[in-house]
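J.: Fold the following, please.
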Amino acid sequence: GKKSLRQKAVDELKHYYNGFHLLWTDTKVAARMVWRLLHGQVLTRRERRRLLRTCADLFRLVPFLVFVIVPFMEFLLPVFLKLFPEMLPSTFETESKKEEKLKKKLNAKLELAKFLRETITEMAKRNKADAG
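T.: Numbering: from 1, shown residues only. Sure, this is the predicted structure:
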């Protein structure tokens, strides 16, 4: 059913709390990775990607905090997210946004696979015609 205004507000507060908690955890892990890097250890590809994502999230946090700190500015957040979809740190994304991104990536991969299949078919026809 429909949620009351109070329940929506509580859900949003939980969402922000979880996002900040995840960001804090990622920051602690990234700090350990930086410490390892400074002491000459090599990071795996997965660790390097996580470190880069966390650093990007920390830089995205600065404009996001303006919306959280300034009173009534959070009402403009959807407008800015529509204009700048990558502005929100990754720990604050909802499941629906993650699924939407995955669908877009999958569609792009399918289009690329279709293009490659057509190209290979065309090349096979040309080779068959040249050989025949």
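
J.: residue closest to the middle of the chain?
T.: Central residue of the chain (CA atoms, centre = their mean): Ser90, 4.8 Å from the mean position.

J.: what's near enough to touch the spatially closest residue to that residue that is not a sequence neighbour?
T.: Residue nearest to Ser90 in three dimensions, not counting chain neighbours: Asp57, with 5.5 Å by CB to CB, 6 or more residues apart in numbering. (Each C-beta comes from the backbone N, C-alpha and C, glycine too.) Contacts here follow CB atoms under 8 Å, 6 or more residues apart in numbering; on that basis Asp57 touches 23, 26, 89-91.

J.: can we see that at 10 Å?
T.: Asp57 sits next to 19, 22-23, 26-27, 30, 64, 88-92 when contact means CB atoms under 10 Å, 6 or more residues apart in numbering.

J.: And the pLDDT at it?
T.: For Asp57, the pLDDT comes out at 89.

J.: Could you tell me how far it is located from Arg45?
T.: Going from Asp57 to Arg45 by CB to CB, to the nearest Å gives 19 Å.

J.: still on that earlier bit, so which of the contacts of Asp57 belong to helices?
T.: 19, 22-23, 26-27, 30, 64 (DSSP state H).

J.: Weed out the non-buried ones from the contacts of Asp57.
T.: 19, 23, 26-27, 30, 64, 88-92 (16 or more other CB atoms under 10 Å).

J.: could I get the residues you listed as TSV with distance to Lys125 and pLDDT?
T.: Converted to TSV, the buried ones among the contacts of Asp57 look like this (distance: CB to CB, whole Å; pLDDT from 0 to 100):
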residue	distance to Lys125	pLDDT
Gly19	53	87
Leu23	53	91
Asp26	51	94
Thr27	55	95
Ala30	52	95
Phe64	53	79
Leu88	48	76
Pro89	49	79
Ser90	45	79
Thr91	50	77
Phe92	50	77
